[in-house]
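Peer 1: Got a sequence here, can you model it:
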Amino acid sequence: MSGFRLRAALALAPLALIACSGDDAPLPAELVCTTQYRPFAETMEGAEERTFTVERLDGPAAEGVAVEFPLMTIAVRYAGDGPEGRNVLITVTDPDGAEISSALYQIGQPGLQDIEFAGGHGFTGLHYVHHDQAMLQYFCGAGD
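Peer 2: Reported below is the predicted structural model:
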């Protein structure tokens, strides 16, 4: 192998390792999610703030954690292994169980613990979900 080819191969080797290790990022044991629910989006009157922890579970039937508010329920499932791979699924439903919002975060590189949006809003960033006159804000980040 010529000197140029050897130098090129050595220079590209770290990139190949990163590309091949897409699912090798260590997974935190749990997530911490923070919510703020406002019955009336335009005012803080009656606002509720809750923080909850979601443990990592494996398999297709991994259960999550659901937190209920009067007009919305947020459910977070954190799967270290499943049909969609390593992922976090966040779903917001109305009181009848109809889906209002859903987000699937497929975990690769960088790891969840290495992603942080401005303002301390974890790997999800800050989300706003509206239903009727109410609003739910949420974000999730890697736990300890």
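Peer 1: What are the boundaries of the strands in this protein?
Peer 2: In the chain, the strands defined using DSSP state E lie at 30-38, 48-55, 57-58, 65-68, 73-81, 87-93, 99-106, 127-131, 134-142.
Peer 1: who are the neighbours of the third one, in terms of helices and strands?
Peer 2: Contact partners of strand 57-58 among helices and strands, from 3 or more Cβ pairs under 8 Å, 6 or more residues apart in numbering; DSSP states H and E: strand 73-81. The way it works is simple: take the backbone N, C-alpha and C, and place the C-beta from them, glycine included.
Peer 1: ok so, going back, would you mind saying which of the strands of the chain lies nearest residue 120?
Peer 2: Residue 120 sits nearest to strand 134-142 of all the strands of the chain, at 7.7 Å, using Cβ to Cβ.
Peer 1: returning to that earlier point: per-stretch mean pLDDT over the strands of the chain, give me the minimum one.
Peer 2: Note on the strands of the chain: lowest mean pLDDT is at strand 57-58, with a mean of 82.
Peer 1: what comes into contact with it?
Peer 2: 63-64, 77-82 (Cβ atoms under 8 Å, 6 or more residues apart in numbering).
Peer 1: need those in JSON lines with neighbour count and distance to residue 139, can you?
Peer 2: Below are the contacts of strand 57-58 laid out as JSON lines (neighbours: other Cβ atoms under 10 Å; distance: Cβ to Cβ, whole Å):
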{"residue": "63", "neighbour count": "12", "distance to residue 139": "21"}
{"residue": "64", "neighbour count": "18", "distance to residue 139": "16"}
{"residue": "77", "neighbour count": "20", "distance to residue 139": "16"}
{"residue": "78", "neighbour count": "29", "distance to residue 139": "14"}
{"residue": "79", "neighbour count": "23", "distance to residue 139": "19"}
{"residue": "80", "neighbour count": "18", "distance to residue 139": "21"}
{"residue": "81", "neighbour count": "16", "distance to residue 139": "24"}
{"residue": "82", "neighbour count": "16", "distance to residue 139": "23"}
